[in-house]
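A.B. asks: Pasting a predicted model and its sequence here:
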Amino acid sequence: MTIAIIVIVVVVVLLLLYVIATYNGLVRLRNRVENAWAQIDVQLKRRLDLIPNLVETVKGYAAHERQTLDAVVQARNAGIAAQGPQQEAQADNQITGALRQLFALSEAYPDLKANQNFLSLQEELTATEGRVAYARQFYNDSVLNYNNKIQSFPAVLLAGPMKLTEREYFEAEEGAREAPKVQF
Amino acid sequence: MYEQIAANKRRTVVLVAGFILILAAAGAAVGLIIGYGWWGAAIAFVISGILAFASYWKSDAVALAVSRAQPADPNTYKRLYNLVEGLTIASGLPMPRIYIVDDPAPNAFATGRNPRHAAIAVTTGLLEKMNRVELEGVLAHELSHVKNYDILISTIAVERRPRTPPRRSPGPEQPAGAGRVRVHHPRPDPRQGDAGGGEPQPRDVG
């Protein structure tokens, strides 16, 4: 009789430990998704911060290229003012396009291309575009892990009471799927 | 991929345990021969244990010292740091230490017992001969070794055929620089190649 009680107690304790471990795991995954999402914004802000310096450097050599420079400034302002994913995605596309136009333009100005500041900014911006893309990639990977876990048995039993729901992937907006046009 | 990581960790344990046991057995044999019996085994056990853990703990320092690697200055090697940083963001790994080896031959290796104590070294030859996208491919490969808990040194000898025009632009499915990467390392895993499942791929780079 006592053996039966001991066995039951052990089983209950083990179950409890498993539930706790699963709960903690879910919390970790959810937090990772939140963190990954916030990190995208860090990179986006970094890109926005680099732009004024770039515009000033280019103005020093190619001040009359008003159209292109204005496009970049406007795109940056759109990026700062953007609210919500829709506007942010549009602004993002705008910035990418404007920057590409600007860098393509710099090909015609050998003095500009030789300027160390310009080169260093170009490197930073290229790297930051990469980081933005990678941050989004990491966010999507985190969402995948999280969704897998909360949809699988037995974690799915805990997910309901914990009010954990599926997260959405970051997807490119319709307009962003077309390559930004660069004109010479 | 996580099975691979778990398998590598198990193999490391087996390797280290095997090393200790073999030395202990040798010590026991010597002990028996010279008449000190189990003392020989005990001493050998202790020494081999120390050696095993020292080589495991210091594997990165050894690899770096042997190749005379110097820490890379972040200002001089901005592009290199930027590329590695981007890849660590994609993979969720912490930033490894970065070293430079002064060697005209293009080469790279990764070392370190886990991602938190990892180091990546590239030669000056590699930096000269590879463009940005190719360099990123090589670095992604090295980071995948870090992520896979591969503490053995993997040296990647990169051979590049001379380019014949017109050059095919690398499509998204071709890991940059990987077409001619010949990998020398004892870990048998031809399946993974350069796309070690889940490895940060330089995809969708702006």
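C.D. replies: Great, that's in hand. Residues are numbered from 1 along each chain as shown, chains lettered A, B, ... in the order given.

A.B. asks: Poorly predicted segments of chain B, please.
C.D. replies: Using pLDDT under 70 as the threshold, the predicted model of chain B has low-confidence ranges B:1, B:37, B:151-206.

A.B. asks: Let's see that with 80 instead.
C.D. replies: In the prediction, chain B carries residues with pLDDT under 80 at positions B:1-16, B:19-20, B:23-24, B:27-28, B:30-41, B:44, B:51-60, B:62-63, B:113, B:149-206.

A.B. asks: can you list the domain ranges for it.
C.D. replies: By the assignment in automatic domain parsing, chain B contains the domains B:2-57, B:64-163+B:171-184.

A.B. asks: Any idea how far apart the tips of the shortest one sit?
C.D. replies: The one in question is domain B:2-57. 23 Å (C-alpha to C-alpha, to the nearest Å).

A.B. asks: So what's the gap between that domain and the chain middle?
C.D. replies: A distance of 23 Å separates the C-alpha centroid of domain B:2-57 from that of its chain, computed with C-alpha atoms, centre = their mean, to the nearest Å.

A.B. asks: Residue A:38: neighbouring residues, count only.
C.D. replies: Using other C-beta atoms under 10 Å in any protein chain shown, the number of residues around residue A:38 comes to 11. (Glycine included, C-beta is placed from N, CA and C.)

A.B. asks: hmm, back to that, now render the domains of chain B as TSV, adding mean neighbour count.
C.D. replies: Compiled in TSV, the domains of chain B are given as follows (neighbours: other C-beta atoms under 10 Å in any protein chain shown):
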stretch	mean neighbour count
domain B:2-57	14
domain B:64-163+B:171-184	18
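
A.B. asks: List the contacts of the closest residue in space to residue B:102 that isn't next to it in sequence.
C.D. replies: Closest residue in space to residue B:102, ignoring its immediate chain neighbours: residue B:124 at 5.4 Å, by C-beta to C-beta, 6 or more residues apart in numbering or on different chains. Applying C-beta atoms under 8 Å, 6 or more residues apart in numbering or on different chains, we find residue B:124 in contact with B:100, B:101, B:102, B:103, B:104.

A.B. asks: cool, residue A:111 as well?
C.D. replies: Residues near residue A:111 by C-beta under 8 Å, 6+ apart: residue A:61.

A.B. asks: Quick one, grab the pLDDT at it.
C.D. replies: In this model, residue A:111 is scored at 85, pLDDT.

A.B. asks: In what element of secondary structure is it found?
C.D. replies: Remark: residue A:111 resides in helix A:110-114, with elements defined by DSSP states H and E.

A.B. asks: Likewise for residue B:125?
C.D. replies: Assigned by DSSP H and E, residue B:125 belongs to helix B:124-129.

A.B. asks: Find out how far that helix is from the centre of the chain, if you would.
C.D. replies: The chain centre lies 18 Å from the centre of helix B:124-129; the measure is C-alpha atoms, centre = their mean.
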